[in-house]
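Enquirer: One predicted model, sequence on top.
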Amino acid sequence: MKWAVKKGYKLLIGITFFVLLLLRIMLFENDYMMQEREVTIQTENEDLNGFVALPKEKGEGVVIFVHGDGPQNATQDGGYKPLMERFAKEGFASVSWAKPGVDGSHGNWLNQSMDDRAEEVENVLEWVKNQETINSEKIILWGSSQAGWVIPKVQQNHQDITASILIAPAINWIRQGEYYTAEKLKSEGKSSEEITSVLNNDRRKSELIRTGVSYQEYVQETEDRSLSEERYTFVQKNIMADATNDIKKIKSPVHVVLAEEDQNVDSSETARTYREMLPESQVTVRTIPNVEHSMLNPSLDNSQILIYLSAIFAPKHTLVSNVYLDYCQKLIRQL
């Protein structure tokens with residue numbers, strides 16, 4: 001009996017020690033070296049639920065975060081924070097906000113065209129310049145994926161934007177969609193004939209959307225209900241998006257960061273387009289090895305459970321690719 005009690009005490013002590021260690025790791029991994037503030041960004045069109053990360057030392061400038069697709073909140077559920085901390089270490093503040101209709105921001109992001117999104121960034125820029133706690137002497141626009149259709153629209157209109165950092169930016173809406181579909185079907189083991197058939201069907205649907213047919217007409221014609229009516233409206237507003245002409249007009253530096261294993265965006269098309277549209281002295285292109293579109297730690301790929309656990313217990317050091325974080329920090333340091 002005494003042996004059993006003694007063994008039980010040891011087990012209890014071991015469990016307690018493990019829980020305390022886990023809590024300590026969680027606290028450390030979620031304690032970032034920056035001052036975090038939730039703010040309301042008041043613009044001409046709506047109030048946005050914003051997030052500001054300030055460096056603990058003297059401010060050198062500010063990075064404005066522009067989301068990719070989807071209903072993103074201000075920090076992408078904390079996924080931006082490891083990068084924001086790297087920027088804070090270099091003396092740069094970070095500013096981000098929840099998309100309209102998300103997490104308290106007014107409006108509905110599914111009603112936005114890429115021009116609307118660019119105008120929203122312009123409004124945030126004006127707000128940033130009026131904040132005494134943020135040094136806007138150097139302004140960097142950071143954006144991922146769909147932001148590739150937004151940031152060039154803004155950057156070409158401003159002499160006061162120091163540079164942009166574009167993460168896996170898309171070029172053409174329709175080609176990007178076809179690339180994504182083809183890569184997905186390849187990963188599922190579909191034959192070339194099957195892939196061609198699906199792409200041809202998708203092109204027929206895209207042509208219908210481009211002609212401006214209503215959602216009800218689209219569903220009746222295609223029997224496709226994979227898009228909600230709101231999402232259909234969003235696609236219809238943006239299906240002709242192409243960044244090429246906007247890229248040509250950019251005057252300040254652009255840093256393009258691509259994912260080697262990207263199945264969402266055609267990295268080769270993106271690299272080729274930026275190098276063709278901008279002089280070599282103005283653009284850099286870097287491919288991060290082994291990562292997919294989201295730039296997550298490669299060891300987490302294809303495991304939602306590991307991504308979830310990493311985001312909770314150790315986001316600072318395990319969630320995002322360190323090669324990617326190091327490179328972005330280096331870019332900011334050089335700027």
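Expert: Right, received. Where do you want to start?
Enquirer: Which stretches in the protein count as strands?
Expert: 35-42, 47-54, 61-66, 92-97, 139-144, 163-167, 254-259, 283-288 (DSSP state E).
Enquirer: Pairing partners for the shortest one, with directions?
Expert: This means strand 163-167. Strands that pair with strand 163-167, judged by DSSP bridges, come out as strand 139-144 (parallel), strand 254-259 (parallel).
Enquirer: picking that back up, most tightly surrounded among the strands of the chain?
Expert: strand 92-97 (a mean of 27; mean count of other CB atoms under 10 Å). Every C-beta, even on glycine, is put in place using the N, C-alpha and C of the backbone.
Enquirer: what's the angle between that strand and strand 35-42?
Expert: 50 degrees (axes from the mean of the first three to the mean of the last three CA atoms, to 10 degrees).
Enquirer: the helices in the stretch 1-150 of the chain, which residues?
Expert: For the stretch 1-150 of the chain, applying DSSP state H, counting those that start in this stretch gives helices covering 2-29, 81-89, 114-129.
Enquirer: what about residue 122, neighbour count?
Expert: Counted by other CB atoms under 10 Å, the residues lying close to residue 122 total 16.
Enquirer: Equivalent analysis for residue 207, please.
Expert: 12.
Enquirer: for the one 4 residues further on, same thing?
Expert: Residue crowding around residue 211 was assessed by other CB under 10 Å; the count is 10.
Enquirer: Please apply the same query to residue 200.
Expert: 9.
Enquirer: Any figure for the gap between it and residue 55?
Expert: From residue 200 across to residue 55, the span is 52 Å (CB to CB, to the nearest Å).
Enquirer: ok, for the residue most central in space within the chain, nearest residue in space, not its chain neighbours?
Expert: With distances taken as CA atoms, centre = their mean, residue 144 lies nearest the centre of the chain, 3.9 Å away. Nearest residue to residue 144 in three dimensions, chain neighbours excluded: residue 167, at 3.9 Å (CB to CB, 6 or more residues apart in numbering).
Enquirer: Isn't that neighbour up against residue 143?
Expert: Yes - here residue 167 reaches residue 143: they are 6.9 Å apart, a contact under CB atoms under 8 Å.
Enquirer: can you tell me which residues contact residue 268?
Expert: Listed by CB atoms under 8 Å, 6 or more residues apart in numbering, residue 268 has no contact partners.
Enquirer: For residue 285, see how far away it is.
Expert: 11 Å.
Enquirer: I'd say the residue nearest to the centre of the chain and residue 72 touch.
Expert: No - at 9.8 Å, residue 144 does not count as touching residue 72 under the criterion of CB under 8 Å.
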